[in-house]
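K.L.:
Sequence first, predicted model second:
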Amino acid sequence: TLGVATFWRSKEPTPFSQEDLSLAEELVARAAVSIENARRFTREHTTAVTLQRSLLPHALPEQSAVDVAHRYLPAEAGLGGVGGDWFDVIPLPGARVAIVVGDVVGHGLHAAATMGQLRTAVHNFSTLDLPPDELLCHLDELVTRIDQDRDGDGEAPTLTGATCLYAIYDPISRLCTMARAGHLEPIIVRPDGHADLPGVPAGPPLGLGGLPYEKKEILLPEGSSIVLYTDGLIEDRQRDIDQGIELLRRAVAHPGQTPDQVCRAAMDAMVPVAPRDDVALLVAGTRLLDGNRTASWDVPSDPSAVADVRAAAARLLDDWDMKE
């Protein structure tokens, strides 16, 4: 039993007719369906939010390349539904780091579960130490295969149209290499507060298959901020996307801000009271490793040089108190 409906007559205390009873039954039946649908939506939304939060990183891994701050805000229940936005920070060999943001088409449980698939795939591909453009090609092929393997009953939405931006930052060379698959371009904030779009080529969304991606290399001063975000941060019915990006650029264009301060400025300026789409924001402040924390050798192409290099590396690790 969902509830009880009581009908009263105040002006004419005559018995209800059969037509009145039929109308009351129709009203009650429709109300019951509406209440049950609302309950189901609430349950699905709660489940999707729980699933999404379990798939997003609870704590980002320690690394020495960037200082990181992030924000995630799910869509308001009843407006857009939980989406498939995600972000990640992945340590790579050589003190480098990969920073990632992506967005799955659609909302609800399917979008949240699909987000988990793509996030896991990016982690797996990152172990191959691929440049960003090649990693996105592999991810595009994976999405295409997943779509082809799905049942043809039309019940499960495809993954085609998902977007991703993958960037690698090297704290030794200060080089940041980026590529994007249909995703919004990042914003680079220099230490002096100048903020601009780096001009990363706009590759196709994931799942279209066979189309190339291009990478962009940028030399960043120490203390720069790389701002990655999803469309929920800038989209608004009162303006187009380009206007939203410009508003975000102005909001973060301040000198000497920490990544957390950049996050706070972006969220305060851009996020509506009741967002219709998920909002994901990741800000990475670049570091530069001191020369005494790195080492390199010019090694001849001779197998006999291996022993000398091994000995030199062992001595250096001993000096750094890293014997194990």
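P.N.:
Yep, that arrived. Numbers count the residues shown, from 1 in each chain.

K.L.:
what about Ile218, is that helix, strand or coil?
P.N.:
Here Ile218 is strand, with the state taken from DSSP: H, G, I helix; E, B strand; the rest coil.

K.L.:
and it, what are its bridge partners?
P.N.:
Counting by DSSP bridges, Ile218 is bridged to Cys176.

K.L.:
pLDDT score assigned to it?
P.N.:
Ile218 is assigned 97 on the pLDDT scale.

K.L.:
For it, which residues are in contact?
P.N.:
Ile218 sits next to 175-178, 188, 198 when contact means C-beta atoms under 8 Å, 6 or more residues apart in numbering. The way it works is simple: take the backbone N, C-alpha and C, and place the C-beta from them, glycine included.

K.L.:
now, among these, which is nearest to Tyr229?
P.N.:
Comparing the contacts of Ile218 against Tyr229 with C-beta to C-beta places Ile188 closest, at 12.8 Å.

K.L.:
Measure how buried the closest residue to the closest one other than its chain neighbours is and give me the count.
P.N.:
Leaving aside its sequence neighbours, Ile188 sits nearest to Pro198 (C-beta to C-beta, 6 or more residues apart in numbering; 5.2 Å). The local packing of Pro198 (other C-beta atoms under 10 Å) involves 16 other residues.

K.L.:
Are we agreed that Pro198 is in a strand?
P.N.:
No: counting by three-state DSSP, Pro198 falls outside a strand, being coil.

K.L.:
ok, so what distance separates it from Val104?
P.N.:
24 Å (C-beta to C-beta, to the nearest Å).

K.L.:
One more: Leu233?
P.N.:
With C-beta to C-beta as the criterion, Leu233 and Val104 are 16 Å apart.

K.L.:
I'd guessed the residue nearest to Ile188 sits against Glu185; true?
P.N.:
Yes: counting by C-beta atoms under 8 Å, Pro198 touches Glu185, with 7.1 Å between them.

K.L.:
Ile245: which element?
P.N.:
Taking DSSP states H and E as the definition, Ile245 sits inside helix 241-252.

K.L.:
If you count neighbours, what's buried in that helix?
P.N.:
244-245, 247-249, 251-252 (16 or more other C-beta atoms under 10 Å).

K.L.:
Kindly report the same for stretch 257-271.
P.N.:
Buried-residue list, stretch 257-271, by 16+ other C-beta under 10 Å: 257, 259, 261-266, 270-271.

K.L.:
same question, stretch 125-135
P.N.:
The neighbour-count check on stretch 125-135 (16+ other C-beta under 10 Å) flags 125-126, 130, 132-135 as buried.

K.L.:
Which of the helices and strands in this protein ranks last by mean pLDDT?
P.N.:
helix 18-55 (a mean of 71; mean pLDDT, DSSP states H and E).

K.L.:
quick one, domains of this protein?
P.N.:
Under the assignment automatic domain parsing, the domains of the chain span 1-55, 61-292, 296-324.

K.L.:
The ones you listed: lowest mean pLDDT?
P.N.:
It's domain 1-55: among the domains of the chain, that one has the lowest mean pLDDT, namely a mean of 73.

K.L.:
For Asp308, see how far away the one residue sitting closest to the centre of the chain is.
P.N.:
With distances taken as C-alpha atoms, centre = their mean, Trp86 lies nearest the centre of the chain, 2.7 Å away. Between Trp86 and Asp308 the distance is 45 Å, computed by C-beta to C-beta.

K.L.:
How about the backbone phi and psi for His123?
P.N.:
Here is the backbone geometry of His123 (degrees, to the nearest 10): phi -60, psi -50.

K.L.:
so is the nearest residue to it once chain neighbours are set aside in a helix, a strand, or just coil?
P.N.:
Leaving aside its chain neighbours, His123 sits nearest to Ile90 (6.4 Å; criterion: C-beta to C-beta, 6+ apart). Counting by three-state DSSP, the backbone at Ile90 sits in strand.
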